[in-house]
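Student: Please work out how this folds:
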Amino acid sequence: MSVVIYNVNKKSYAQKAGIKSGDTLISINGNEINDILDYQFYATDKKLFLELLDCSGKPYSAAIKKGEYDELGLEFQTYLIDKQQHCKNKCVFCFIDQMPKGMRETLYFKDDDARMSFLFGNYITLTNLQEKDIERIIKMKISPVNISVHTTDPELRIKMMKNPRAGECLKYIKMLADGGIKVNTQLVLCPEINDGEQLKRSLNDLGALYPNLQSIACVPVGLTDYREGLAQLRPFTKDEAINVVNTINAFADNMQAKYGERVAYPADEFFLKAELPIPAAEYYGEFNQLENGVGLLASLNDELNSALNTAEPKAAKADISIATGAAAYSFICGLCDKIKSRYPEVSIKVYKIINDFFGHNITVAGLVTGTDLIKQLKGKPLGEKLLIPSVMLRHEQDKFLDDITLEQLEQELGIDIITVDNDGFDMLDKIIGT
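Tutor: All right, here's what the predicted structure looks like:
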């Protein structure tokens with residue numbers, strides 16, 4: 001495959017070598033360039049020999065000497081150079097399949113691209129890959145790779161993911177680990193499907209890949225009200241959540257005794273569903289699975305304690321409100337009580353937002369919409385400002401999942417809205433000010 005060069009940066013090595021926009025890059029040092037990983041890997045050498053075609057299709061070459069960390073200076077029409085790979089699975093628990101119609105188009109794209117795993121930490125199922133792709137990952141030392149496993153039982157994985165390749169692709173996890181690639185894994189758990197004995201099997205199979213197996217996140221299935229025509233699934237009960245936590249802890253205790261690392265962790269949702277205390281920060285080691293909702297509350301609590309212990313004594317007055325999801329409501333109330341104990345003249349009202357948009361089984365703050373915030377907070381006493389977790393908004397921090405903008409929410413509620421990161425220092429600062 002060859003790729004068309006979209007732009008050549010001014011005064012770059014590429015421009016000085018006579019390479020122009022519209023030319024086609026064929027290879028670097030004899031290695032064919034197919035995508036961003038090829039380009040980034042092979043363009044790091046100090047001595048480069050590029051084979052190209054000019055705009056008329058005439059072949060030419062360019063020899064370039066550069067610094068080890070210097071950029072070559074080529075840009076391509078898309079970041080990945082070629083198209084992003086979409087998911088070919090039909091997982092019984094897929095959240096995207098459960099979303100209502102009419103939301104912005106990008107929310108319906110199912111990503112399953114190994115390059116996105118390396119570049120942005122996305123999770124992949126491996127079903128889009130062949131052995132040659134695994135060999136390339138090992139050759140390029142692309143690490144870590146984040147993998148959605150769900151179960152290590154090949155037949156069950158095929159049933160859960162509705163992809164005939166789902167079982168055979170499990171061998172790629174061992175290939176990666178044996179090749180020195182670090183892997184983080186996740187198991188989306190569904191009651192009476194891949195919990196219980198199946199969970200024990202998955203934990204033991206993955207644990208055998210330690211130390212290149214870095215972590216296992218166990219996350220409960222999320223179920224919206226939009227499941228017509230989909231597999232019949234239900235949420236975990238309290239007792240089932242307790243069993244999941246106990247199963248994971250038994251495995252993790254064994255790993256801790258053997259290797260000094262727990263490796264496997266239940267998502268915060270499991271502790272909340274089980275009505276069990278959130279563990280101390282030490283339980284989570286290096287917090288390798290924060291993006292999966294593993295250890296977020298422990299980290300927030302630990303940081304808030306540190307922030308309160310190191311804060312300068314001051315008189316603080318504030319009248320604020322905080323909106324959060326139903327799952328973390330009690331926990332956030334507890335954190336606010338700590339702040340009010342230290343600063344008695346600070347008034348904090350915490351509002352539990354029930355998820356009417358997706359359904360009441362969805363309780364996490366990150367899936368709260370602007371629509372529900374408006375409906376449930378309009379006319380309520382909100383004080384001087386309203387704090388919301390930044391995870392309620394997309395990456396650009398401007399819109400909720402339902403496309404309500406932060407500005408629209410402020411107008412509807414008639415109050416300044418402040419976003420707060422999952423950081424205890426930021427939380428304290430946004431409440432009492434510096």
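Student: hmm, what's the outermost residue in the chain?
Tutor: Most distant residue from the mean C-alpha position of the chain: residue 58, 44.4 Å away (Cα atoms, centre = their mean).
Student: Strands of the stretch 301-434 of the chain, residue ranges please.
Tutor: Here the stretch 301-434 of the chain has its strands, by DSSP state E, counting those that start in this stretch, at 318-325, 346-353, 385-389, 416-420.
Student: For residue 290, grab the count of nearby residues.
Tutor: One way to gauge burial is a neighbour count; for residue 290, by other Cβ atoms under 10 Å, it gives 15. (Each C-beta comes from the backbone N, C-alpha and C, glycine too.)
Student: so it sits right up against residue 296, yeah?
Tutor: Yes - here residue 290 reaches residue 296: they are 6.0 Å apart, a contact under Cβ atoms under 8 Å.
Student: Mind listing the shared neighbours of the two?
Tutor: Contact criterion Cβ atoms under 8 Å, 6 or more residues apart in numbering; residues bridging residue 290 and residue 296 by contacting each: residue 422.
Student: Contact partners for the residue lying closest to residue 151 once chain neighbours are set aside?
Tutor: Spatially, and ignoring its direct neighbours in sequence, residue 151 is nearest to residue 194 (4.5 Å; Cβ to Cβ, 6 or more residues apart in numbering). Listed by Cβ under 8 Å, 6+ apart, the contact set of residue 194 reads 150-151, 153, 156, 160, 187, 202.
Student: Pick the one among the residues you listed closest to residue 242.
Tutor: The shortest gap between residue 242 and any of the contacts of residue 194 belongs to residue 187, at 17.3 Å (Cβ to Cβ).
Student: Determine whether the claim that that closest one is in a helix is correct.
Tutor: No - secondary structure assignment places residue 187 outside any helix; it is strand (DSSP: H, G, I helix; E, B strand; the rest coil).
Student: Residue 199 is in contact with that one, correct?
Tutor: Yes - Residue 187 lies in contact with residue 199 (Cβ under 8 Å); the separation is 7.1 Å.
Student: Now for the two: what residues contact both?
Tutor: Jointly contacting residue 187 and residue 199 under the rule Cβ under 8 Å, 6+ apart are residue 218.
Student: For these two, indicate the residue with more neighbours.
Tutor: The neighbour comparison of residue 187 against residue 199 (other Cβ under 10 Å) goes to residue 187, with 25 against 21.
Student: and the nearest residue to residue 182 once chain neighbours are set aside, how far is that from residue 178?
Tutor: Closest residue to residue 182 in three dimensions, ignoring its sequence neighbours and counting by Cβ to Cβ, 6+ apart: residue 144, at 3.9 Å. Applying Cβ to Cβ, to the nearest Å, one obtains 15 Å for the distance of residue 144 from residue 178.
Student: So those two - more neighbours on which side?
Tutor: Here residue 144 and residue 178 are compared on neighbour count by other Cβ under 10 Å; more neighbours surround residue 144, at 17 against 11.
Student: ok, the residue nearest to residue 182 - contacts?
Tutor: 181-184, 214.
Student: Do you know the pLDDT at it?
Tutor: Listed pLDDT for residue 144 reads 91.
Student: what stretches of this protein score poorly on pLDDT?
Tutor: 1-2, 79-86, 108-121, 434 (pLDDT under 70).
Student: Which helix runs longest in it?
Tutor: Once the chain is assigned using DSSP state H, the helix that runs over the most residues is helix 238-259.
Student: Report how many residues lie close to residue 47.
Tutor: The number of residues near residue 47, taken as other Cβ under 10 Å, comes to 9.
Student: Give the closest residue to it in space, chain neighbours not counted.
Tutor: With sequence-adjacent residues excluded and distances taken as Cβ to Cβ, 6+ apart, residue 47 is closest to residue 65, at 5.7 Å.
Student: picking up where we left off before, please tabulate the contacts of residue 194 in TSV, including the columns secondary structure and distance to residue 99.
Tutor: Conversion of the contacts of residue 194 to TSV gives the following (DSSP: H, G, I helix; E, B strand; the rest coil; distance: Cβ to Cβ, whole Å):
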residue	secondary structure	distance to residue 99
150	coil	20
151	coil	24
153	coil	28
156	helix	25
160	helix	19
187	strand	22
202	helix	27
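Student: Rebuild those residues as CSV, extending it with distance to residue 261.
Tutor: Listed next are the contacts of residue 194 as CSV, based on distance: Cβ to Cβ, whole Å:
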residue, distance to residue 261
150, 22
151, 23
153, 25
156, 27
160, 28
187, 18
202, 18
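Student: how much space between residue 216 and residue 188?
Tutor: Spatial separation of residue 216 from residue 188 under the definition Cβ to Cβ is 12 Å.
Student: can you give me the helices for the stretch 151-300 of the chain?
Tutor: With DSSP state H, counting those that start in this stretch as the definition, the stretch 151-300 of the chain shows helices at residue ranges 154-161, 171-178, 196-207, 238-259, 268-274, 296-310.
Student: Please list all residues in contact with the closest residue to residue 276 other than its chain neighbours.
Tutor: Counting by Cβ to Cβ, 6+ apart, the nearest residue to residue 276 once its immediate chain neighbours are dropped is residue 245, at 6.2 Å. Contacts for residue 245 (Cβ under 8 Å, 6+ apart) come out as 266, 270-271, 274, 276.
Student: Now residue 14: closest residue in space, sequence neighbours ignored.
Tutor: Closest to residue 14 by Cβ to Cβ, 6+ apart is residue 73, at 4.0 Å.
Student: Please verify my assumption that the one you found contacts residue 8.
Tutor: Yes - counting by Cβ under 8 Å, a contact exists between residue 73 and residue 8, whose distance comes to 6.0 Å.
Student: which residues do these two both contact?
Tutor: Once Cβ under 8 Å, 6+ apart is applied, the residues that residue 73 and residue 8 both contact turn out to be 14-15.
Student: sorry, back to before: for residue 52, see how far away the residue nearest to residue 14 is.
Tutor: Residue 73 is 14 Å from residue 52, by Cβ to Cβ.
Student: Kindly report the same for residue 267.
Tutor: The gap separating residue 267 from residue 52 is 49 Å, by Cβ to Cβ.
Student: ok, the two, which is more surrounded?
Tutor: Looking at residue 267 and residue 52 with other Cβ under 10 Å, you find the greater number of neighbours at residue 267, namely 25 against 22.
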